[in-house]
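In: Structure here, sequence nowhere to be found:
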């Protein structure tokens, strides 16, 4: 039987301690993204334990300090900035939406290294910010191109939450669709926490779309999937999401995932040496009933490993020195051997199709060596 790890101590319990390296783990504990919060914590905790078994970071124990990344962006930024300013934490990582990253980075990135693990819209170049996950050029463009060729998709309808990641990703998608000789035939942007999708379904039907690009977060995407199937639209057009993991499939239900595609750097169904080692360690640590370590939660494992590798390579916590050494940083994790291109992780990207409550990987869309 799975027993979740005890909650990490609250931030106010931590103090500056030269024998430990405290890292703020910022992940969603509420809101639409809260659906995969438990796997974010479990994966990050596993990585921290493995780092410590290998000797820690600069000879210090790596400790995680939980921060709720599902709160309002200004609130999250204020709490993390206070931890940094008082010397309680010496690094930051975790999965949280782009609005939180945009509020947080200017306040802390020049003071401590910040490893952001969520897929995002691209363009982040703040010194001290490092990114482990996917961007539209690597993730969305090749997926759209493949679906245009294999399925004849020409007419896309975009449905997203109303904030920076969906808006800017949709802007890129318009260019990509033109490259694939198609067009965007409609767009809808909805507040985080939307529960009613009836009008959007009617607009998709009227637009006669071949495919829907889903840019919805967590439980919003789950409710959309259910509404989409209930309206019978799953028999008329496919769905492509760049933010859809196995936890969201489970919540959607198998009857709501027909002709649903996802693109990401990690799926639980991948069966290479790195991913199998990770799954074995995860199962040994948490048991068979643990939250599924899909791409969103697993990204937090990557974040801890990259942060440790950056600091170890530079042999200091100084952000400028870490930045100067970043080009020579690499580590091996569930996604394979990872190095940096600029401040972004180089990694494989895959296209997968939902098969009930799991994903079947169809193709590798990008190699980590494409930009070398």
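Out: Great, that's in hand. Note that the structure is predicted; figures quoted are calculated from it, not measured. Residues are numbered from 1 along each chain as shown.

In: Specify the local secondary structure of residue 275.
Out: Classification of residue 275 into helix, strand or coil gives helix, according to DSSP: H, G, I helix; E, B strand; the rest coil.

In: Looks like it contacts residue 281 (just checking).
Out: No: with contact defined as CB atoms under 8 Å, residue 275 does not count as touching residue 281 (10.9 Å). (C-beta placed from N, C-alpha, C; glycine too.)

In: So between those two, which is more surrounded?
Out: Set side by side, residue 275 and residue 281 show unequal neighbour counts under other CB atoms under 10 Å, the larger going to residue 275 at 20 against 16.

In: how about the more buried one, what does it touch?
Out: Contacts of residue 275 were listed using CB atoms under 8 Å, 6 or more residues apart in numbering, and they are 266, 268, 334-335.

In: quick one: pLDDT of it?
Out: Turning to residue 275, the model gives it a pLDDT of 95.

In: cool, and residue 9?
Out: We note a pLDDT of 49 for residue 9 in this prediction.

In: And for residue 18?
Out: Per-residue confidence (pLDDT) for residue 18: 72.

In: May I have the phi/psi pair for the residue lying closest to it once chain neighbours are set aside?
Out: Using CB to CB, 6 or more residues apart in numbering and skipping the chain neighbours, the partner closest in space to residue 18 is residue 60 (7.7 Å). In this entry, residue 60 is assigned phi and psi values of phi -110, psi 150 (degrees, to the nearest 10).

In: what does residue 229 give?
Out: Summarising the backbone geometry of residue 229 under the convention degrees, to the nearest 10, its torsions are phi -70, psi -40.

In: next one: phi and psi at residue 280?
Out: Per degrees, to the nearest 10, the residue geometry at residue 280, taken as phi and psi, is phi -60, psi -40.

In: Tell me how many other residues surround it.
Out: For residue 280, the number of neighbouring residues by other CB under 10 Å comes to 10.

In: Next one: it, what pLDDT does it get?
Out: 96.

In: which ones are touching it?
Out: Taking CB under 8 Å, 6+ apart as the definition of contact, residue 280 has no neighbours.

In: What of residue 334?
Out: Contacts for residue 334 (CB under 8 Å, 6+ apart) come out as 266, 274-275, 277-278, 298, 301-302.

In: buried stuff in the host helix or strand of residue 149?
Out: Assigned by DSSP states H and E, residue 149 falls within helix 136-151. For helix 136-151, burial by neighbour count (16 or more other CB atoms under 10 Å) applies to 136, 138-144, 146-148.

In: Same check on stretch 93-100?
Out: Judged by neighbour count using 16+ other CB under 10 Å, the buried positions of stretch 93-100 are 93-100.

In: Let me have the residues you listed in JSON lines, adding secondary structure and distance to residue 55 as columns.
Out: JSON lines is the format used below for those (DSSP: H, G, I helix; E, B strand; the rest coil; distance: CB to CB, whole Å):
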{"residue": "93", "secondary structure": "strand", "distance to residue 55": "19"}
{"residue": "94", "secondary structure": "strand", "distance to residue 55": "23"}
{"residue": "95", "secondary structure": "coil", "distance to residue 55": "26"}
{"residue": "96", "secondary structure": "coil", "distance to residue 55": "29"}
{"residue": "97", "secondary structure": "coil", "distance to residue 55": "34"}
{"residue": "98", "secondary structure": "helix", "distance to residue 55": "34"}
{"residue": "99", "secondary structure": "helix", "distance to residue 55": "37"}
{"residue": "100", "secondary structure": "helix", "distance to residue 55": "32"}
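
In: Thanks a lot, catch you later.
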